[in-house]
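J.: A predicted structure for the sequence below; I have some questions about it.
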Amino acid sequence: MNARFTPAARADVSAARQWYRDRNPGIDSRFLQAVDSAVSAISAHPEIGHEIEPGIRRYLVRGFPYTIFYRLYPAEFVVVACLHAARDPESWPRSGAV
């Protein structure tokens, strides 16, 4: 299954990567690899994520305190957010996110 990121989700990943780069150069690429691995797992098994509300699933990024939030569609899934686990999921917009 194909993956697509919303602009907001891309910005989430970019901001997290920059945060890691600023604190420990090199770990930012490990973070990006972990996100890529999570996306690959979702692609292989789209329903792997826990459904937190109708139409929205979440999947944890292994090794980092981040969660990928996504929506399933017949031909793809859309990552709508990639948030630190301590962040309130209510902080990302649902309407118009896809």
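T.: Thanks, I have it.
J.: tell me what the helix or strand of the chain with the lowest mean pLDDT is packed against?
T.: In the chain, no helix or strand scores lower on mean pLDDT, DSSP states H and E than strand 50-53, which sits at a mean of 92. Packing contacts for strand 50-53, counted by 3 or more Cβ pairs under 8 Å, 6 or more residues apart in numbering; DSSP states H and E, involve strand 56-61. Quick note: C-beta positions are derived from backbone N, CA and C, even for glycine.
J.: low-confidence ranges in the chain?
T.: 88-98 (pLDDT under 70).
J.: tell me who's in contact with N2.
T.: S43, A75, E76, F77 (Cβ atoms under 8 Å, 6 or more residues apart in numbering).
J.: buried subset of those, written for PyMOL?
T.: To isolate the buried members of the contacts of N2 in PyMOL, using 16 or more other Cβ atoms under 10 Å:
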select buried, resi 77
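J.: mind putting the contacts of N2 into TSV with distance to A86 and secondary structure?
T.: Shown next, in TSV, are the contacts of N2 (distance: Cβ to Cβ, whole Å; DSSP: H, G, I helix; E, B strand; the rest coil):
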residue	distance to A86	secondary structure
S43	27	helix
A75	33	coil
E76	29	strand
F77	24	strand
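J.: the residue nearest to S37 when sequence neighbours are not counted and A75, how far apart?
T.: Nearest residue to S37 in three dimensions, chain neighbours excluded: R62, at 6.5 Å (Cβ to Cβ, 6 or more residues apart in numbering). Separation of R62 from A75 (Cβ to Cβ, to the nearest Å) stands at 26 Å.
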